[in-house]
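1. I'd like to go over a predicted model; first the sequence, then the structure.
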Amino acid sequence: MTEIDQALVTRIVEAALLASHQPLTLVQLKGLFPLDEPAPEGGVEAALRELQATCDGRGVELVEVASGWRYQVQADVHPWVARLWTERQTRYTRATLETLALIAYRQPITRGEIEQIRGVAVNSSIIKALEEREWIRVVGHRDVPGKPELLATTRTFLDYFGLKRLDELPPLSELKDIGELEPQLPFAPAVPAGVDMDPAPVSADDNDADGTDGDARPAAPVSTETETETQTHGEADADDTVAAIDLDHQDDNDRDDARAASSEQTP
């Protein structure tokens, strides 16, 4: 049995992490070394520490997330590197973010409890979208009538946000108010004073299936005059015009009669 030297162990661990498309656990990294060519005792852990140290001042860093160890882009150079990815960045609505935050901080939680806290019905498309992204999953059922599903976050959720454990989530007091997020679509102009607006009620989670903002927007001001009223006003204006013309003709006839009578009385 030949033991591999530490320098080669470090190179093997680095190559494996760079070649893998997903994080690798300590067990997986140790499994790279067979029994007939084992790594030194603690060699894999030492390799990880050495690789982390060599990342100082570089564009990548070696971090441990929920699913294992991985290389990732440093935060300060990410805006430049992100230009390599041409796909449109997904933006999530306030309803989606609120739902995800409640599941993350209050898990396990039922859909009914989410609706009770938010005060509005949770659109089924929100839950489906989060499940398809593998950020949440059903972990059981509440022991109450109806047996509602209990929702919780996944390792994929932690990996996406660069977390190793749930207790690494930032305190709620440090989170930015979701209501301050910039809206994805501009709001309609303010409604002028005196215009009576009575839009139909819209659910806060409507049309949220693809992550677009479902909050109701103010409708554009519309004229309160109906087609029948417009037609009536038009007819009235036409009648007034005809009446004015008739009066002009009547005045002309009166003047002609007056001149004729004056001519007959002249000797």
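-> Looks like it arrived, so ask away. Computed from a predicted structure; not experimentally measured.
2. Which parts of the chain belong to which domain?
-> According to automatic domain parsing, the chain comprises the domains 6-79, 94-180.
3. Where among these is average confidence lowest?
-> Set side by side, the domains of the chain give their lowest mean pLDDT on domain 94-180, at a mean of 88.
4. Residue 159: what's it in contact with?
-> By C-beta atoms under 8 Å, 6 or more residues apart in numbering, residue 159 lies in contact with 23, 65, 66, 67. Glycine gets a C-beta too; all of them are placed from N, C-alpha and C.
5. So which of those residues sit within strands?
-> Taking DSSP state E as the definition of strands, the contacts of residue 159 contribute residue 65.
6. Tabulate the contacts of residue 159 (a markdown table), appending neighbour count and distance to residue 115.
-> Formatted as a markdown table, the contacts of residue 159 follow (neighbours: other C-beta atoms under 10 Å; distance: C-beta to C-beta, whole Å):
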| residue | neighbour count | distance to residue 115 |
| --- | --- | --- |
| 23 | 19 | 34 |
| 65 | 20 | 31 |
| 66 | 20 | 28 |
| 67 | 16 | 31 |
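7. which one of the contacts of residue 159 sits closest to residue 13?
-> Nearest to residue 13 out of these is residue 23 (C-beta to C-beta; 13.0 Å).
8. Quick check: closest non-adjacent residue to residue 12.
-> In space, residue 12 comes closest to residue 32 once its chain neighbours are excluded; the distance is 6.0 Å by C-beta to C-beta, 6 or more residues apart in numbering.
9. Identify whichever of the domains of the chain lies nearest to residue 85.
-> Residue 85 lies closest, by C-beta to C-beta, to one member of the domains of the chain: domain 6-79, at 10.8 Å.
10. okay, the domains of the chain in TSV with distance to residue 86 next?
-> What follows is the domains of the chain, written out as TSV (distance: least, C-beta to C-beta, whole Å):
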stretch	distance to residue 86
domain 6-79	15
domain 94-180	20
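11. returning to what we had before: can you report phi and psi for the residue nearest to residue 12?
-> Main-chain dihedrals, residue 32, degrees, to the nearest 10: phi -70, psi -20.
12. now it: how far from residue 125?
-> To residue 125, residue 32 is 42 Å away according to C-beta to C-beta, to the nearest Å.
13. Pick out whichever of these two has more residues nearby.
-> Counting neighbours by other C-beta atoms under 10 Å for residue 32 and for residue 125 shows that residue 125 has the greater number, 18 against 15.
14. Which secondary structure state does that one sit in?
-> Using DSSP: H, G, I helix; E, B strand; the rest coil, the structure places residue 125 in helix.
15. Please shift the residue numbers so they start at 831 in all later answers.
-> In the new numbering, first residue 831, that becomes residue 955.
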